[in-house]
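A.B. asks: Please find the sequence and the predicted model below.
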Amino acid sequence: MNSPATRPVSTWIGEFILLAALWGASFLFMRLGASDFGPLPTAGLRVALATVFLWPIMLRQGHWPALRAHWRPILFAGVINSAIPFSLFSWAVLHIATGLTSILNATVPLFGALIAWVWLGDRINRLRWVGLALGFVGVALLAWRAPVGTGFKTDHAHWAIAACLLASAFYGVSASFARRHLTGLPPLATAAGSQLGAALGLALPTLWLWPAQMPGVRAWAAILAIAVLCTGIAYILYFRLIEHAGPSRALAVTFITPVFAVLYGTLFLGESITPWMVGCALVIVCGTLLSTGLIRTLRPARAASEQA
């Protein structure tokens, strides 16, 4: 049986592109939903509906015993991996372009590597330190020109960028938390349970901040799409991609997602993309490739394929 690293690209490239397209669409749907519902109700409905979608699948796969045995860390993971980041991003998309939000979301591997070094003692060699520095320089340059260089004018642009970076940092924390406390658990049990934890954490804020006027059909459709397509189905695709293509290739979805997000923002929201955004995005992606070791891992894989 072939390992993920040796499987042909044709066996997983379709799921790879579909996952990037779905995650890229999440920023569009967040904007459409949060415009009517507000940030916290948008995040609360997203995780609640994702829970409803994922739980029957999880139960049918027979993962309930694993979830029941480890419910405390799984529910807590949902708070730091979904409830807080989703809320921050839902607020940010109201103040900066969705394409810019997705570019900032691509810094997750940077924070993941840095937090794993601090918390778990992961070793970071000189090349990865260069990548971390390069990635955060790209973020600093992006924030420096906001809002002029980001294609979106708002007095809250800098705060929105900070919210995106804080959300990305929480993703990094949750990754190290999962490695410490959730290793070996069925991914579907973790996904379904974490969404329940996020839904419980956002239940009161969602009810408290529920809009006085009932949102329209477009907002409800956006919420349903982000919950089912961009969260529920995307989780399943992501775990399948790890199985079929390997973790390093699955992580590379992060670099393709902004392409779709910028495309959707341009087509459906009339957003503009500036040369400054493109340049900073390339700096961030290059830094991320170095900091995660993907360049080092892709090089031997390419050499092996050439020898074959």
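C.D. replies: Nice, I can see it.
A.B. asks: Tell me, please, where in the stretch 1-150 of the chain the pLDDT is lower than the cut-off.
C.D. replies: Low-confidence segments of the stretch 1-150 of the chain (pLDDT under 70): 1-7, 146-150.
A.B. asks: Next, the buried residues of stretch 218-225.
C.D. replies: Residues 219, 220, 222, 223, 224, 225 are the ones in stretch 218-225 that count as buried (16 or more other Cβ atoms under 10 Å). For glycine as for every other residue, the C-beta is placed from the backbone atoms N, C-alpha and C.
A.B. asks: pLDDT averaged over that stretch - what is it?
C.D. replies: Per-region confidence: stretch 218-225 scores 98 on mean pLDDT.
A.B. asks: residues in contact with it?
C.D. replies: Applying Cβ atoms under 8 Å, 6 or more residues apart in numbering, the set of residues contacting stretch 218-225 from outside is 25, 28-30, 32-33, 35-37, 42, 45-46, 49.
A.B. asks: And the buried residues of stretch 218-225, which is closest to residue 65?
C.D. replies: Proximity of the buried residues of stretch 218-225 to residue 65, judged by Cβ to Cβ, is greatest for residue 224, which lies at 30.5 Å.
A.B. asks: ok, the most centrally placed residue in the chain - contacts?
C.D. replies: Among the residues of the chain, the one closest to the centroid is residue 105, at 6.4 Å (Cα atoms, centre = their mean). Contact partners of residue 105, counting by Cβ under 8 Å, 6+ apart, are 27, 89, 164, 167, 168, 254, 257, 258.
A.B. asks: Among those residues, which lie within helices?
C.D. replies: Using DSSP state H, 27, 89, 164, 167, 168, 254, 257, 258 are the members of the contacts of residue 105 that sit in helices.
A.B. asks: Check pLDDT for the residues you listed and point me to the minimum.
C.D. replies: Within those, pLDDT is lowest for residue 254, at 81.
A.B. asks: ok, for residue 242, nearest residue in space, not its chain neighbours?
C.D. replies: Of all residues not flanking residue 242 in the chain, residue 250 sits nearest, at 4.6 Å (Cβ to Cβ, 6 or more residues apart in numbering).
A.B. asks: Cool, thanks, signing off.
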